[in-house]
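1. show me how the following folds:
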Amino acid sequence: MDSAMALMNSNIMTLPCEVLVDILSRLSLKHVHQLQTVSKLWFKIISSPHFRKLYNMKSMTRPRARVVQVPDTKCSPSWEVISRTIIISAMDFNIDNSEIHEEFSFEDIIAPQHSFIISSNLIIFNHKVCNPTTKEIIDIPISSHPSISFDATYIPSNNTYKIVHLYGTKPGHDYNFNYGGSPLEFRFETLTLRDGGPIPSSWKALTHQEWFSSKIESTCVNGVVHWLLERGSRMERCIISMDIESEDFLSSIGCPNNPYVEEALIIENVQLADFNGRLCLVYYSEELFRLDLYFVKDRMNEEWVKEHTINLSGMGSWFKIIGYVQLQGNNGDIVIDGKQLILYNIEENRFRSLPRPIRKLHIGLYFDRCFKLESTKLSMQPSVDFLSN
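-> Residues are numbered from 1 along each chain as shown. Got it, this is the predicted structure:
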């Protein structure tokens, strides 16, 4: 038995480099990190920019669900929340009856200007950034401007993250809820996080400015951040977009009117979603129990097309599209969060229920990425015995 194991270990160690790289790129990131300690060669391969870029590209075909839960809070004597426990879990879409597996947790201190945003695999809160993959939590520079939102976007071409900070120019205003309808001025600044650091000491201010009344939400599709805004006393909706790598802003585009929702008593919610690399505008009507999915056909002429309608009768009163996943053995499913977490296949008009956590804060698509917020020096202790464990 020992001789057979030694022979297998010997064969593995003598594999051609390109074969070894292909094998390692198919493993879970947890195992990849462990295998860095096998030998100096393996450490060099896994640490190389080529391998990390290749692994990150392949991970885009292996989506999972990232679940952020809040099971416990701490309050002051006056019942003001001062901190809460954040639990990070994951779930595999490719496995039937998949369970939610807890990975780690941390305490979130509620600051005076508290923020908690989950965007593109990163968690941003109180001028800190958490990478759930590596369990790192780092400090980022404190902005001198009143925050509206943060959006993190991954750039695969150079394995970096860029955080875009949307802020108001006049302190003391609640810019997210300007019910008066008068447009206010907003600006943008960015922060670039590189694999292994270092962490920048300041934000980069952009010259672009926008005037609007409130921000509804945002999403990133193929390296472009999109913000859904409301402007003017009539609260007209529009979308502004920025190419994250070049930091150039695209022409804004108005939102389509939903012809099926015309009565004043019908209330609809609207959201943006990444639908398999396409920007999707989603209208949900609680009264009609359905989701209408619109896509841009001609951006220059602001022409939209409604491509799909999903009937959700009897499934609850609130829904949000999490994203689109290309799963093995079918043509892909839409992940929808609501009273229950479901996968919906448009072509087959088929629903599949998934476990849904209680006390959740966020459910989103997650992709394993070889990315460290800060550099760490691993102790190199090559061990062939590791392969047999």
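2. how about the nearest residue to the residue nearest the centre of the chain, chain neighbours excluded?
-> Nearest to the geometric centre of the chain sits Ser120, at 2.8 Å (Cα atoms, centre = their mean). In space, and not counting its chain neighbours, Ser120 is closest to Ala152: 4.6 Å by Cβ to Cβ, 6 or more residues apart in numbering. Placement of C-beta: from N, CA and C, glycine included.
3. next one: Phe188
-> Leaving out its chain neighbours, the residue that sits closest to Phe188 by Cβ to Cβ, 6+ apart is Leu206, at 4.5 Å.
4. and the strand or helix carrying the one you found, which strands flank it?
-> Element membership of Leu206, judged by DSSP states H and E, is strand 204-212. The strands beside strand 204-212 in its sheet (DSSP bridges) come out as strand 184-194 (antiparallel).
5. circling back to that earlier point, residues in contact with the strand holding Leu206?
-> With Cβ atoms under 8 Å, 6 or more residues apart in numbering as the test, strand 204-212 has contacts from 169, 183-192, 229-231, 238, 240, 242, 247, 249.
6. likewise for stretch 130-146?
-> Residues contacting stretch 130-146 (Cβ under 8 Å, 6+ apart): 29, 66, 88, 103-104, 106, 113, 121-124, 127-129, 163, 165, 167-173, 175, 187, 189, 191, 199-203, 366, 368-369, 371-374.
7. 6 Å - rerun?
-> With Cβ atoms under 6 Å, 6 or more residues apart in numbering as the test, stretch 130-146 has contacts from 88, 104, 123, 127-129, 165, 167-168, 171, 199, 202-203, 372-373.
8. before we move on, what about stretch 68-80?
-> Stretch 68-80 is contacted from outside by 81-85, 87, 357, 359-362, using Cβ under 6 Å, 6+ apart.
9. just the strands in the stretch 101-250 of the chain please.
-> 101-109, 116-119, 122-125, 128-131, 136-139, 147-155, 160-168, 184-194, 204-212, 214-221, 224-231, 236-243, 248-254 (DSSP state E, counting those that start in this stretch).
10. neighbouring strands of the first one in the sheet, and parallel or not?
-> When pairing is defined by DSSP bridges, strand 101-109 lines up against strand 81-92 (antiparallel).
11. restrict the strand it pairs with to CA atoms and write it as PDB.
-> Only the C-alpha atoms of strand 81-92 are listed here, as PDB (Å, rounded to 0.1, in the frame of the first residue of the first chain):
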ATOM      1  CA  VAL A  81     -28.400  48.200  17.800                       C
ATOM      2  CA  ILE A  82     -24.700  48.600  18.400                       C
ATOM      3  CA  SER A  83     -23.300  45.400  16.700                       C
ATOM      4  CA  ARG A  84     -24.500  42.300  15.000                       C
ATOM      5  CA  THR A  85     -23.100  38.900  14.100                       C
ATOM      6  CA  ILE A  86     -22.600  38.300  10.400                       C
ATOM      7  CA  ILE A  87     -22.500  34.700   9.200                       C
ATOM      8  CA  ILE A  88     -21.100  33.900   5.700                       C
ATOM      9  CA  SER A  89     -22.400  30.700   4.100                       C
ATOM     10  CA  ALA A  90     -22.400  29.100   0.600                       C
ATOM     11  CA  MET A  91     -24.600  26.800  -1.400                       C
ATOM     12  CA  ASP A  92     -23.900  24.900  -4.700                       C
END
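12. please identify the buried residues of it?
-> Neighbour counts using 16 or more other Cβ atoms under 10 Å place 84, 86-91 of strand 81-92 among the buried residues.
13. JSON lines for those residues, including distance to Lys53?
-> Formatted as JSON lines, the buried residues of strand 81-92 follow (distance: Cβ to Cβ, whole Å):
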{"residue": "Arg84", "distance to Lys53": "36"}
{"residue": "Ile86", "distance to Lys53": "30"}
{"residue": "Ile87", "distance to Lys53": "31"}
{"residue": "Ile88", "distance to Lys53": "25"}
{"residue": "Ser89", "distance to Lys53": "28"}
{"residue": "Ala90", "distance to Lys53": "23"}
{"residue": "Met91", "distance to Lys53": "26"}
